[in-house]
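Trainee: sharing a model that was predicted from the sequence below.
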Amino acid sequence: MKKKLLLLIIILFLTGCDATYYAEIKNGKVYESTNFYVSNLDSVENNADFFENPNGPSKSADELVEDYYNQDYLAYYNRSSSNQYYKKEKISYEDRKGLRLSYTYSLKDYQDSSLLHYCFDTVSVENQKGFYTIDLKDSEKCFTQDVYQMLDSVNIQIVSNEIIEHNADSVNGSIYTWVLTKDNPNQEIHFKIKADSSFLSSTEIVILIILVFGIITFIAVYKVMDYMDKKKKR
């Protein structure tokens, strides 16, 4: 299954000479959605299967997309026993055909994204003191896995209103963009985001219940004692 995802990335990145990885983060969830395109103008060499049949035969864009659409792609890296797969959708744009792979992760599971691991050797997502810190490093394999050497750059776009720290190359509203290039592939991606505050954790709920119960008990005891004190004075 890993080889199939690798082949998809290699072949469907070919024509645009660049690729975009997209993820939206909100309410403690990561909505990962990435498009892969192949052009009707691709050559026979570019459509060959480098691993199984490097010299051909060639396939049309429709045939190539259909082949890869019929495969399943694990959403979690290094979880071969998982039955969680990327959602697949056929897409088209101008003279290009392709697939969209998408999946929704919790922030704590985001570090297991298969797509992240196929570009970065180091993927770190840490939760400390109510903030998630995401660090992506060693991105050279984004380009070394492109056996046809046609991939020039990779744009990483993270969309969120909750980012409080980052080293993005550019920011447009809530869109944070990093550009990895073949000449400088090892740029580190770093950003910090607030943990989901929409819901209290189970520990916080227990503490809140104890606190509320303690306040109610204190008020009740105080009123009883005050009533007894007043009664004695009478």
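Mentor: Received, thanks. Numbering: from 1, shown residues only.

Trainee: so where do the strands sit in the protein?
Mentor: Counting by DSSP state E, the chain has strands at residues 18-26, 29-39, 87-93, 96-106, 122-128, 131-137, 153-159, 163-166, 170-172, 175-181, 189-194.

Trainee: and these: which comes nearest residue 65?
Mentor: Residue 65 lies closest to strand 96-106 among the strands of the chain, at 4.8 Å (Cβ to Cβ). Where you see a C-beta, it was placed from the backbone N, CA and C, and this is true even at glycine.

Trainee: what sits up against the closest one?
Mentor: For strand 96-106, contacts defined as Cβ atoms under 8 Å, 6 or more residues apart in numbering pick out 8, 12, 15-16, 28-40, 61-62, 64-65, 68-69, 73, 75, 84-92, 112-113, 115.

Trainee: from residue 169, how far out is the closest residue to residue 170 other than its chain neighbours?
Mentor: Nearest residue to residue 170 in three dimensions, chain neighbours excluded: residue 177, at 4.9 Å (Cβ to Cβ, 6 or more residues apart in numbering). Note on residue 177: its distance to residue 169, by Cβ to Cβ, to the nearest Å, is 6 Å.

Trainee: how about residue 82?
Mentor: With distances taken as Cβ to Cβ, residue 82 is found 33 Å from residue 169.

Trainee: go ahead and confirm the residue nearest to residue 170 touches residue 171.
Mentor: Yes - taking contacts as Cβ atoms under 8 Å, residue 177 lies within contact range of residue 171: 7.4 Å.

Trainee: turn the strands of the chain into CSV, including mean neighbour count and distance to residue 211.
Mentor: Shown next, in CSV, are the strands of the chain (neighbours: other Cβ atoms under 10 Å; distance: least, Cβ to Cβ, whole Å):
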stretch, mean neighbour count, distance to residue 211
strand 18-26, 19, 29
strand 29-39, 20, 29
strand 87-93, 13, 42
strand 96-106, 19, 28
strand 122-128, 13, 24
strand 131-137, 18, 24
strand 153-159, 19, 37
strand 163-166, 14, 28
strand 170-172, 10, 40
strand 175-181, 19, 38
strand 189-194, 19, 24
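
Trainee: could you report the pLDDT at the nearest residue to residue 164 once chain neighbours are set aside?
Mentor: With sequence-adjacent residues excluded and distances taken as Cβ to Cβ, 6+ apart, residue 164 is closest to residue 192, at 5.5 Å. In this model, residue 192 is scored at 96, pLDDT.

Trainee: kindly state the beta-bridge partners for residue 192.
Mentor: residue 133, residue 165 (DSSP bridges).

Trainee: what's the answer for residue 36, then?
Mentor: residue 99.

Trainee: that older thread, list the contacts for the residue nearest to residue 164?
Mentor: 131, 132, 133, 134, 163, 164, 165, 166.

Trainee: does the third one touch residue 111 like I think?
Mentor: No - with the criterion set as Cβ under 8 Å, residue 133 and residue 111 do not qualify as a contacting pair; they are 11.0 Å apart.

Trainee: which neighbours do those two have in common?
Mentor: In terms of Cβ under 8 Å, 6+ apart, residue 133 and residue 111 are both contacted by the residues 124, 125.

Trainee: residues contacting residue 31?
Mentor: Per Cβ under 8 Å, 6+ apart, neighbours of residue 31: 23, 24, 25, 102, 104.
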